[in-house]
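Asker: quick one: sequence and predicted model below, then my questions.
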Amino acid sequence: MAEQNIHKLTQSSPEEVEISVVIPLFNEEDSLRELANRIEDSLKDSNYEVLFVDDGSDDGSWQVIEELARKSSHLKGVKLRRNYGKSSALQAGFDAASGSYIVTMDADLQDDPAEIPKMIESLKNGKDLVSGWKRVRHDPITKTVPSRFFNAVTRWTTGIQLHDFNCGLKAYRREVVENIHLYGELHRYIPLLAKWEGYGKIEEQEVKHHPRKYGKTKFGLSRFMNGFLDLLTLLFVNRYMQQPMHFFGTIGVLSTAIGFLINFYIAALKVFWNEPIANRPLFFLGILMVVVGVQFFSIGFLGEMINKSRHRKFKPGIEKRAGL
């Protein structure tokens, strides 16, 4: 996110912040005051900050955030110049957060701030990430059924056994969010991104879910389609970014081999049985398979050349140091 696209409303804190609550929002002016009060009741014994990230709202959300920030030193705001999406809003909040533990939640009052202390306790006991699970959901069936299907597919493809990847209520150790970058619809896959960076101590906690009190959901079926496409992109890039030939080359070799076998069979028909081959669809399929195979192999070769030309050095994540 470019700095010129962000307007910040912050106040200095005299003490080190322990918990940063990052709340992305879009047109949620009616719920912000009540949400701020609930968070204050839940975290009154902690040193915390609340970062409202206004993702280009066109209602009075930012005016409410300014009002809340004037009344409490715990409340801060980040306003994006236009609607970038939830992932970009979360990233802006992560960049502005100063707490040792980062909590994310939605602004629609469906997530319960009373769950935060229990999640923070798990982080203090060694977990890298704690993800909420809305076992009992108060959402329409048009939202719950696609969500269950999405979660099942994501569990199967990623190997991370979470029931609710979509739950906005999550808690992280600070270093986790410092080592991931969000864009597109990647907020759904933060546990996967964290695991790939070596933060595999992931816990799921059942959390209370409330019915939506104000406004209307921003949910749409297109979000799931975009989410699946982002998942495929993540899986492909993670596995084959450093070795594109392993993917494209394998397909190329298989396609070329099948094409040669087909053409060998067609050639045998012509040589040994003198059968006509020019009008056989199989003859053209064999040629096509060879051409496609060569093209895939060439794409893999070009990908390897691009990787080498970038002179990119891989830096593994370091968990601890001793004697340095």
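Answerer: Thanks, I have it.

Asker: centre-most residue in the chain?
Answerer: Central residue of the chain (Cα atoms, centre = their mean): residue 186, 2.2 Å from the mean position.

Asker: would you quantify the distance from it to residue 131?
Answerer: 15 Å (Cβ to Cβ, to the nearest Å). Quick note: C-beta positions are derived from backbone N, CA and C, even for glycine.

Asker: ok, now residue 102?
Answerer: Distance from residue 102 to residue 131, by Cβ to Cβ: 13 Å.

Asker: same question, residue 241
Answerer: 26 Å.

Asker: count of neighbours near the closest residue to residue 171 other than its chain neighbours?
Answerer: In this structure, residue 171 finds its nearest non-sequential neighbour in residue 119, 3.9 Å apart by Cβ to Cβ, 6 or more residues apart in numbering. Neighbour count of residue 119, defined by other Cβ atoms under 10 Å: 24.

Asker: for residue 119, which residues are in contact?
Answerer: 103, 130, 132, 169-171, 205 (Cβ atoms under 8 Å, 6 or more residues apart in numbering).

Asker: strands of the stretch 51-200 of the chain, start to end?
Answerer: 75-80, 101-104, 129-133, 170-173 (DSSP state E, counting those that start in this stretch).

Asker: I'd like to know which elements the second one is packed against.
Answerer: What it means is strand 101-104. For strand 101-104, the elements it packs on are strand 19-25, helix 86-96, helix 116-124, strand 170-173, helix 174-178, judged by 3 or more Cβ pairs under 8 Å, 6 or more residues apart in numbering; DSSP states H and E.

Asker: how is this protein partitioned into domains?
Answerer: 3-240, 244-310 (automatic domain parsing).

Asker: could you say which of those is packed most deeply?
Answerer: domain 3-240 (a mean of 18; mean count of other Cβ atoms under 10 Å).

Asker: off-centre distance for that domain?
Answerer: Here domain 3-240 is found 11 Å from its chain centre; the criterion is Cα atoms, centre = their mean, to the nearest Å.

Asker: quick one: mean pLDDT over it.
Answerer: Computed over domain 3-240, the mean pLDDT rounds to 87.

Asker: how about the CA coordinates for stretch 160-167, as CSV?
Answerer: C-alpha atoms of stretch 160-167 as CSV (Å, rounded to 0.1, in the frame of the first residue of the first chain):
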residue,chain,number,x,y,z
ILE,A,160,-4.3,-27.2,8.0
GLN,A,161,-7.1,-28.6,10.1
LEU,A,162,-9.2,-25.5,10.8
HIS,A,163,-12.9,-25.5,10.7
ASP,A,164,-13.3,-21.8,9.9
PHE,A,165,-10.6,-20.1,7.8
ASN,A,166,-13.0,-17.2,7.2
CYS,A,167,-13.4,-16.2,10.8
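
Asker: which residues are contacting it?
Answerer: Contacts of stretch 160-167 (Cβ under 8 Å, 6+ apart): 111, 131-135, 147, 150-151, 154-155, 188-189, 191-192, 195, 202, 204, 207.
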